[in-house]
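Undergrad: Need the 3D shape of this:
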Amino acid sequence: VIPASARGSGVGSLVAYSLYLSHVCPLEYDLLFERFLDVSRLEAPDIDIDFCKERRGEVIDYVKQKYGEANVAQIGTFGTLAARAAIRDVGRALGMSIPQVDKIISLVPDQLGISLAEATVPGSQLADACDADAQVQELVDLASRIEGLARNVGTHAAAVVIADQPLSEYVPLQRVTGKEEVITQWSMGDVERAGLMKMDFLGLRYLTIVTKTLEIIERTRGENLDPLAFPLDDADTFALLCRGETKGIFQLESGGIRDLLQRMKPDHFLDIVAVNALYRPGPLEGGMVDDYVAVKHGRQQAEYPHPVMKDVLEETHGVMVYQEQVMRILERLGGIELSSAYTCIKAISKKKHETIAAFREQFIMGAEEKGFSKAEASTLFGLIEKFAGYGFNKSHSTAYALLAWQTAYLKTHYPTEFMAALLTGDIPGRNFKKKDSVVEHLEDCRRMEITVEPPDVNASEAEFSAYNGTILFGLCAIKGCGKQAAEAIVHERVVHGAYRDLFDLCGRVDGSVVNKTALENLTKAGALDSLLGEQEHRGALFAGIERAVAAGAARLADRRSGQKNLFAAFEESEPEQEPAAVLPDVPLLTDLEMRSFEKEVLGYYVHSHPLAEYKSILQTVCTHGSFDVGNAQPRAEVVMGGLIGSLKLSNTKQPRPGSTFTRYGMFDLEDMQGLVRSICWPEEYARLGDFLSQDAVVVVSGTVDRRAGSEETNLIINDIIPISSIWSRPIKCMHLKISEGRHDSVVLDRLKELLARHAGETPVRMIIELLDGSRALLDVDGQKVKWSGELLDEIEGLLGAGAVRVQTSLSGGRQDNRNSKKRRAFQSS
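TA: Numbering: from 1, shown residues only. As a prediction, this is how the structure comes out:
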């Protein structure tokens, strides 16, 4: 059986539920069939279905077999040239330098979907640049001519078209480059307008994760679980949700939703249904989320203008959350049939004023028949009009809430098995250049006190696996060791036993599958450490790989040619037991080399992070970590610390006007959260280039650079300080974080004595976190200190780690008074 579940409005169909297409009863949750299908609907309805991602291909193959391969195809998509992409492509064609093109692109306003015509209105920066430079004018003119044209063709993630005869009779087709797969040359909208039937078959990763978790549980515990039988009132699962520990939980893992869960304290399945419907810009900005939480916890009374409103809205604490609720109100108070109610909602959301006016009149007439005055009915429709545009599809939200609950239940009661499946599910999308989801889940395992054993060719499976409460690192999660190589290593071990040494491994696996690169990366990851003798080490493994690969290839060739050694007759059932080959005598790898190798091929440091010893000082002087920089506003000034990696020095073809400098540097600045691509342009490089070296630990100030609509963030470097020089850097101010609930007068007296012992020239401020959640910013009058490592250690020993922040002479200081309740002088006495 292929795991599958309907989503969207089709979940409101009782027939779909009866056929096990959906798994939530529309009668129990008041899901409306009319939201799925009504007489006024112009387009053909379809049921969107999610399938286990690994088996989506089987579903498409089945459809082709049933309806004819020529009658079925996936639908194509077209990527078009937006303003910035058009400039970049034309600039490349004209032979302009990357920095020069980047500078021109930076003049396009950060506005999603902006056109070049809008970006070059008189008085704009780009228009001024065009007037001042004929080359820029030519570039923009040419870019305008290709803007909006299709640049590339892709395959829609879900849409499949099915016809009653070969599709070539209806629509142009093409083959995907390098594949046998056929797609339409029309987009989804054109296919539907042609009258062809479109179905959505989406491969959903979380259905695969649930399936893998159940397989691991059955294999390790002997329990055969049915996720549809999980109780929806499990107290432990609700406790996990209330704590916001939902990393890896379907639809509930973003930081904002985790904060909402902690505020909401869900205690009923309907709260989970509401979370995804509420966590959207409209409800958040309209105060609906605050109202829901306040009413749920008794801090506010819900207002119901009519008993019917209470009947419909009570489950969401008086907040109009779902489109189905609006449809019910339109029907029960205004006499508008459910089959027409959704048309009214669409008109409101799309601001079709004539249609809205017609429904308003119809609603008022119906409400008057039920005893409302015309003014009351008009006010009520105004309320509907205000919130209907925010309404979410309850059928969709309920279906996804069930899957969210299943993953939360598994994480609560089978954490090791769930995390192993979750880690496995993220292997295909690994990105070793930044902190990816695999590393985030490994950190979550550490928080959950689940041990993750490093990879080992004599213990690990191809994927992550669970055993006795421990997770074994999967071999194919190692960079350069693909699934085929990992499975070959595991299969040979299972059939013929553990590997004795490197030469035994190379002699037993096919060298074309487990090649030299795979072996080198396995060595870097420490996955071959179990093959080492007492006096051997990873450096020796590295040096011995080439000889071991050659010996293994020769041994495999002998076996394939039918040759056997002298004792082959006695070894028919066992692998050859040759004497262990001696590895070369080479120097040990340094700790830095071992850590760098582990980070390169695993994405994280197995033993210790090279920044661990600097954690306290970096936390003190930096305004942002790499994760924060990724979320910062474009052009924001930040201070970040970390390790320089992937350093590349280049020369620009054309220096900036008035400048003779051409040398610049690009590098990854890596901290314990991840990394940010950083650029030190020629003028800055002339001042700071001596500080740029591979693996150097530095603190930098820079400007966030991000193009509109892009998730890629760069840091434009303004200043660099080697970590060894940070203590000698002038400090503008020291901020101390005090908690009213944790720090009493005794602590403050000790703090006063401590500051007096370190008297100097740096002013001190206190940020008092009050019990009501607000902050007070206080100047410590008459007491200045001398900045030093000793002072930092003593303050953190008294107030706790992270209690100190300093504003250096670098730019990008924090705005500590953003949420302060009041500010006043704090007398030392």
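Undergrad: Flag the shaky bits of the protein, pLDDT-wise.
TA: Within the chain, the segments meeting pLDDT under 70 span 40-44, 562-580, 707-711, 741, 772-773, 811-829.
Undergrad: Counting residues, name the longest helix you see in it.
TA: Looking across the chain with DSSP state H, the single longest helix is helix 538-561.
Undergrad: The helix or strand following it versus helix 538-561: what angle between them?
TA: The C-terminal neighbour of helix 538-561 among helices and strands, as given by DSSP states H and E, is helix 591-602. Angle of helix 591-602 versus helix 538-561, following axes from the mean of the first three to the mean of the last three C-alpha atoms, to 10 degrees, is 40 degrees.
Undergrad: circling back: which residues touch the longest helix of the chain?
TA: Contacts with helix 538-561, where a contact means C-beta atoms under 8 Å, 6 or more residues apart in numbering, come from 502-503, 505-511, 515-516, 519-520, 523-524, 526, 528-529, 531-532, 564, 576, 581, 583-589, 594. In this view, the C-beta of every residue, glycine as well, is placed from N, C-alpha and C.
Undergrad: Of these, select the buried ones using a PyMOL command.
TA: Command for PyMOL, covering only those of those found buried under the criterion 16 or more other C-beta atoms under 10 Å:
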select buried, resi 502+503+505+506+507+508+509+511+515+519+520+523+524+526+528+529+531+583+589+594
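Undergrad: Quick check, Met327 in contact with Ile345.
TA: Yes - if you go by C-beta atoms under 8 Å, Met327 and Ile345 touch, sitting 6.8 Å apart.
Undergrad: Between these two, which is the more surrounded one?
TA: Met327 (27 against 20; other C-beta atoms under 10 Å).
Undergrad: list the contacts for the nearest residue to the more buried one once chain neighbours are set aside?
TA: With sequence-adjacent residues excluded and distances taken as C-beta to C-beta, 6 or more residues apart in numbering, Met327 is closest to Ala341, at 3.8 Å. For Ala341, the contacting residues are Glu34, Val326, Met327, Leu330, Glu331, by C-beta under 8 Å, 6+ apart.
Undergrad: Kindly indicate whether Ala341 is helix, strand or coil.
TA: Using DSSP: H, G, I helix; E, B strand; the rest coil, the structure places Ala341 in helix.
Undergrad: cool, the one 3 residues further on as well?
TA: In terms of secondary structure, Cys344 is helix; the call rests on three-state DSSP.
Undergrad: That one against Gly334, yeah?
TA: No - under the criterion of C-beta under 8 Å, Cys344 makes no contact with Gly334, lying 9.1 Å away.
Undergrad: Break down the stretch 701-829 of the chain into its helices, ranges please.
TA: For the stretch 701-829 of the chain, the helices defined by DSSP state H, counting those that start in this stretch occupy 745-757, 789-799.
Undergrad: Next, count neighbours for Lys64.
TA: 17.
Undergrad: picking up where we left off before, can you tell me which of the contacts of Ala341 lies closest to Ile60?
TA: Among the contacts of Ala341, Glu34 lies closest to Ile60 (C-beta to C-beta), at 30.9 Å.
Undergrad: that's a strand at Gly645, yeah?
TA: Yes - according to three-state DSSP, Gly645 belongs to a strand.
Undergrad: For it, the count of nearby residues, please.
TA: Number of residues near Gly645 (other C-beta under 10 Å) recorded here: 17.
Undergrad: just use 6 as the starting number from now, easier for me
TA: From this message on, residue numbering opens at 6, which makes the last subject Gly650.
Undergrad: quick revisit: and the longest helix of the chain, which residues are buried?
TA: Result for helix 543-566 [16+ other C-beta under 10 Å]: buried residues 543-547, 549-550, 553-554, 556-557, 560-561.
Undergrad: Could you work out the most separated pair of these?
TA: Within the buried residues of helix 543-566, Gly544 and Leu561 form the most distant pair, 26.5 Å apart (C-beta to C-beta).
Undergrad: In three-state terms, label the residue nearest to Ala90 when sequence neighbours are not counted for me.
TA: In space, and not counting its chain neighbours, Ala90 is closest to Arg156: 7.0 Å by C-beta to C-beta, 6+ apart. Under three-state DSSP, the three-state class of Arg156 is strand.
Undergrad: Which other helices and strands does the host helix or strand of Asn281 contact?
TA: Under the criterion of DSSP H and E, Asn281 resides in helix 274-283. Identification of packing neighbours for helix 274-283 by 3 or more C-beta pairs under 8 Å, 6 or more residues apart in numbering; DSSP states H and E yields helix 260-269, helix 293-301, helix 399-418.
Undergrad: Quick one: closest of those to Ile731.
TA: Ile731 lies closest, by C-beta to C-beta, to one member of the helices and strands packed on helix 274-283: helix 260-269, at 29.5 Å.
Undergrad: coming back round to it: where does the longest helix of the chain sit relative to the chain's centre, distance-wise?
TA: Distance of helix 543-566 from its chain centroid, counting by C-alpha atoms, centre = their mean, to the nearest Å, is 41 Å.
Undergrad: now stretch 663-673
TA: Centroid displacement of stretch 663-673 relative to its chain, using C-alpha atoms, centre = their mean, is 32 Å.
Undergrad: got the buried residues for it?
TA: For stretch 663-673, by 16+ other C-beta under 10 Å, it's Phe666, Thr667, Tyr669, Gly670, Met671, Phe672, Asp673.
Undergrad: what does stretch 391-402 give?
TA: For stretch 391-402, by 16+ other C-beta under 10 Å, it's Phe392, Ala393, Gly394, Tyr395, Gly396, Phe397, Asn398, Lys399, Ser400, His401, Ser402.
Undergrad: Please apply the same query to stretch 9-22.
TA: Buried, per 16+ other C-beta under 10 Å, within stretch 9-22: Ala9, Ser10, Ala11, Arg12, Gly13, Ser14, Gly15, Val16, Gly17, Ser18, Ala21, Tyr22.
Undergrad: likewise stretch 130-138?
TA: Of the residues in stretch 130-138, those buried (16+ other C-beta under 10 Å) are Leu131, Ala132, Ala134, Cys135.
Undergrad: mind listing which of those are in helices?
TA: Leu131, Ala132, Ala134, Cys135.
Undergrad: if I read this right, the second one contacts Val126, doesn't it?
TA: Right, the one you point to is Ala132. Yes - shown here, Ala132 and Val126 form a contact pair, counting by C-beta under 8 Å, at 6.5 Å.
Undergrad: Spit out the residues that contact the two alike.
TA: Between them, Ala132 and Val126 share no contacting residue under C-beta under 8 Å, 6+ apart.
Undergrad: Let me see the domain layout of this protein.
TA: Using automatic domain parsing, the domains assigned to the chain come out as 87-153, 419-599, 617-729, 735-832.
Undergrad: Out of those, flag the one nearest Asp239.
TA: With C-beta to C-beta as the criterion, Asp239 lies closest to domain 419-599 of the domains of the chain, at 12.5 Å.
Undergrad: contact partners of stretch 635-646?
TA: Contact partners of stretch 635-646, identified using C-beta under 8 Å, 6+ apart, comprise 115, 616, 619, 622-623, 626-631, 633-634, 674, 676, 679, 681, 702-711, 713, 716, 718, 720, 723, 728, 813, 815-818.
Undergrad: let's see 6 Å
TA: Contacts with stretch 635-646, where a contact means C-beta atoms under 6 Å, 6 or more residues apart in numbering, come from 115, 623, 627-629, 634, 704-706, 708-709, 711, 718, 815-817.
Undergrad: swap in stretch 305-316?
TA: So stretch 305-316 is in contact with Ala299, Val300, His322, Gly323, Arg337, Leu338, going by C-beta under 6 Å, 6+ apart.
Undergrad: cool, stretch 259-272 as well?
TA: By C-beta under 6 Å, 6+ apart, the residues outside stretch 259-272 that reach it are Phe243, Leu246, Cys247, Gly249, Thr251, Ile277, Tyr284, Val298.
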